[in-house]
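Trainee: Sequence first, then the predicted structure, then my questions.
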2 protein chains.
Amino acid sequence: MSLNSTTLLSSEEARLLLDLLFKQHYAVEVVSSHISDIENGLVSVEEEEYKRISSLYHRLQEM
Amino acid sequence: MSLNSTTLLSSEEARLLLDLLFKQHYAVEVVSSHISDIENGLVSVEEEEYKRISSLYHRLQEM
């Protein structure tokens, strides 16, 4: 399963997967775990990508 | 965080969240854990919804 797995999903499948992610209350964990991978140097991302991920994290926390 | 949390995300945020979900290799687990909740009677869904979730599960396994 690679990054472009997202593009292999139909929009209905993508929406269903997101719905299930929220039903499982796991959305914030997915993002926070990726942020810690970045901060621990396990994953490297461009600054812009890091900003987008951090902003998504704060958005999810507000929900 | 509720079911319609998905609708609160912009399409870019939704795509980023899915990308991170796949990067964390957790997409299949999210769906399989929901299927076991259904099969254990913790969650009830319409037959049609169950078929969609099962088909998504098999699709993700093939990726």
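Mentor: Arrived safely, thanks for sending.

Trainee: Output the below-cut-off pLDDT ranges for chain A.
Mentor: A:1-4 (pLDDT under 70).

Trainee: Show me where it has its helices.
Mentor: Secondary structure of chain A (DSSP state H): helices located at A:5-8, A:11-23, A:27-39, A:47-62.

Trainee: Same list, those, but as TSV with distance to B:I38 and mean neighbour count please.
Mentor: All C-beta spots, glycine's among them, are computed from the backbone N, C-alpha and C. Below are these laid out as TSV (distance: least, Cβ to Cβ, whole Å; neighbours: other Cβ atoms under 10 Å in any protein chain shown):
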stretch	distance to B:I38	mean neighbour count
helix A:5-8	23	16
helix A:11-23	11	19
helix A:27-39	20	17
helix A:47-62	25	14
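
Trainee: Can you say which of those is nearest to B:E13?
Mentor: B:E13 lies closest to helix A:47-62 among the helices of chain A, at 5.4 Å (Cβ to Cβ).

Trainee: what's that closest one packed up against?
Mentor: Here helix A:47-62 touches helix A:27-39, helix B:11-23, going by 3 or more Cβ pairs under 8 Å, 6 or more residues apart in numbering or on different chains; DSSP states H and E.

Trainee: Quick one: list the elements packing against the first one.
Mentor: Using 3+ Cβ pairs under 8 Å, 6+ apart as the contact criterion, the elements in contact with helix A:27-39 are helix A:11-23, helix A:47-62, helix B:11-23.

Trainee: Save those helices as TSV, and put in distance to A:E39 too.
Mentor: Output for the helices and strands packed on helix A:27-39, formatted as TSV (distance: least, Cβ to Cβ, whole Å):
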stretch	distance to A:E39
helix A:11-23	22
helix A:47-62	9
helix B:11-23	14
